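# Have a look at this prediction, sequence included:
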Amino acid sequence: LRVVCLYGGLGPKTQIEQIEAGVDLIIATPGRFMDLYKKGVILTRELKTMVLDEADKMLDMGFLPQIRAILEIIPVKRQNLLFSATFSDKVERLSAEFLEFPERVEITPSATTAETIAQVKYFVPNMRTKINLLEHLLENEEINRAIIFTRSRKNAEEVSSFLLRKKVGEVRVIHANKGQNTRINSMEDFKAGEVRLLVATDVASRGLDVTMVSHVINFDVPLIYEDYVHRIGRTGRAENEGKAITFINPAEVWHFEKIEELIRMDVPEVAIPKSVKITETPFAEQQIYARELDKLKQRENPDYKGAFHEKKAKPKRNIGKGEKVKAKKSGKKKNRNQLKTKNRKN
């Protein structure tokens, strides 16, 4: 088979040359596929099969308009296949639009975690303590190839910078702001065993097949709960055993409880070791947690106004003694002037 991969982040020249040389199978992101189609590079009239992989994630990332555009330009007579790790209502609606009389094949129940993965959780009060706990855990040589997941690019950069300073082994970081070549090279180095720690946002939570990942560390709890299953699924592959460790701050407790409902299990809690320094939570961080908790309470109870809803009452003006005295004096002065005027008239 002649296979071509089409994706953004790289110039299209090489991809165009590969297509023009002849191709049997195109694996593409929707955006790059449409770009090359509009340039006249891709001819779709001979297309026999259309596959939508990671359908749930594509919907979360806002690709539905591009998917619909592709469906408009390919032959009506074709085989359609849709793959999805989770089957949410959105995916159900997409399948109704995309497929005709579909047969549903379910390999494992939705949101099932592999039995080869041992899961634990730590309740951690703040960001600084998460960093301290991570440093402590990485002293364990059993963590020989790990992926550390964060929820934001900012946290990914902060964690990777800290690890590089501590010299705990080779470290790479991948997220949406990294160029495609940088991401590819980082992944290749990680697969080759040249990198001990890969810090990543959920960019890498799917489609990454590395058989010997010893640990997955959720530095932040994912807010899309199915992503937890995809994250920890990077370890414990090909019948190897793996371990998934999750750090949970006060604002993430509610989210992790929802994750436990989703995966139908209570993840065992582990106490923070005494050797790990537990720092005080800065006031600004406390405010962030309080706001997050307010949002969660409002989600459960729409009538809840929240700690930050009430505005301070506008203070009433209180005239001080000085102002009263001044008023009295000015009144007396006015009376004297009036008397002087009267005397002159007389």
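All right, it came through fine. Numbers count the residues shown, from 1 in each chain.
# tell me the average confidence for stretch 15-29?
Taken as a whole, stretch 15-29 carries a mean pLDDT of 94.
# And the strands in this protein, which stretches?
Applying DSSP state E to the chain gives strands spanning 3-6, 25-28, 49-52, 79-82, 117-123, 146-149, 171-174, 197-200, 215-218, 242-248.
# Contacts for the last one next, please.
Right, strand 242-248. 116-124, 130, 133-134, 137, 213-221, 228, 231-232, 235-236, 256, 267 (Cβ atoms under 8 Å, 6 or more residues apart in numbering). C-beta coordinates here come from the backbone N, C-alpha and C atoms, glycine included.
# now swap in the third one and tell me
With contact meaning Cβ under 8 Å, 6+ apart, strand 49-52 is reached by 58, 67, 70-71, 74, 78-83, 94, 98.
# Quick one: low-confidence residue ranges for the stretch 201-346 of the chain.
Within the stretch 201-346 of the chain, the ranges that satisfy pLDDT under 70 run 204-207, 306-346.
# Could you pull out the helices in it for me?
226-232, 253-263, 283-300, 321-345 (DSSP state H, counting those that start in this stretch).
# Please check the contacts of strand 242-248 and keep the buried ones.
The neighbour-count test (16 or more other Cβ atoms under 10 Å) marks 117-119, 121-124, 130, 133-134, 137, 213-221, 228, 231-232, 235-236, 256, 267 as buried among the contacts of strand 242-248.
# how about the closest residue to Ile67 other than its chain neighbours, what does it touch?
Among residues not flanking Ile67 along the chain, Pro30 sits closest, at 5.9 Å (Cβ to Cβ, 6 or more residues apart in numbering). Each residue near Pro30 by Cβ under 8 Å, 6+ apart is listed here: 58, 63, 66-67, 69-70.
# what would those residues look like in CSV with distance to Asn177 and pLDDT?
Below are those laid out as CSV (distance: Cβ to Cβ, whole Å; pLDDT from 0 to 100):
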residue, distance to Asn177, pLDDT
Met58, 20, 83
Phe63, 19, 86
Gln66, 22, 91
Ile67, 25, 90
Ala69, 26, 92
Ile70, 27, 92
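# ok, of these, which one's closest to Ile19?
Ranked by distance to Ile19 (Cβ to Cβ), the contacts of Pro30 are led by Ile70 at 15.7 Å.
# can you pull the contacts of the most centrally placed residue in the chain?
Nearest to the geometric centre of the chain sits Arg151, at 3.9 Å (Cα atoms, centre = their mean). By Cβ under 8 Å, 6+ apart, the residues touching Arg151 are 201-202, 220-223.
# Please parse this structure into its domains.
Per automatic domain parsing, the domain ranges recorded for the chain read 3-98, 117-300.
# I'd like to know which of those is closest to Ala111.
Across the domains of the chain, closest to Ala111 is domain 117-300 (Cβ to Cβ), at 4.7 Å.
# that older thread, can you name the two of the contacts of Arg151 that sit furthest apart?
Thr201 and Val221 (13.3 Å).
# For Glu269, see how far away the residue nearest to Tyr289 when sequence neighbours are not counted is.
If the residues on either side of it in the chain are set aside, Tyr289 comes closest to Ala251, at 4.3 Å by Cβ to Cβ, 6+ apart. For Ala251, the distance to Glu269 (Cβ to Cβ, to the nearest Å) stands at 17 Å.
# check contacts around the nearest residue to Arg172 once chain neighbours are set aside.
Excluding the flanking residues, the one nearest Arg172 by Cβ to Cβ, 6+ apart is Ser186, at 3.9 Å. Contact analysis of Ser186 by Cβ under 8 Å, 6+ apart lists 172-174, 178, 195, 198.
# same thing with Ala271?
The contact partners of Ala271, taken as Cβ under 8 Å, 6+ apart, are Tyr122.
# what's the neighbour count on the spatially closest residue to Leu223 that is not a sequence neighbour?
The shortest distance from Leu223 to any non-neighbouring residue, by Cβ to Cβ, 6+ apart, is to His255 (6.1 Å). Close neighbours of His255, defined as other Cβ atoms under 10 Å, add up to 19.
# any idea how far Tyr7 is from the nearest residue to Lys178 once chain neighbours are set aside?
Spatially, and ignoring its direct neighbours in sequence, Lys178 is nearest to Ser186 (7.6 Å; Cβ to Cβ, 6+ apart). Ser186 sits 16 Å away from Tyr7, going by Cβ to Cβ.
# got it, and Glu300?
Glu300 sits at a distance of 40 Å from Tyr7 (criterion: Cβ to Cβ).
# Contact partners for the residue nearest to Arg153 when sequence neighbours are not counted?
With sequence-adjacent residues excluded and distances taken as Cβ to Cβ, 6+ apart, Arg153 is closest to His175, at 4.5 Å. Taking Cβ under 8 Å, 6+ apart, we find His175 in contact with 153, 156-157, 200-201, 203.
# Just the buried residues from those, in PyMOL please.
Listed next is the PyMOL selection for buried residues among these, using 16+ other Cβ under 10 Å:
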select buried, resi 156+200+201+203
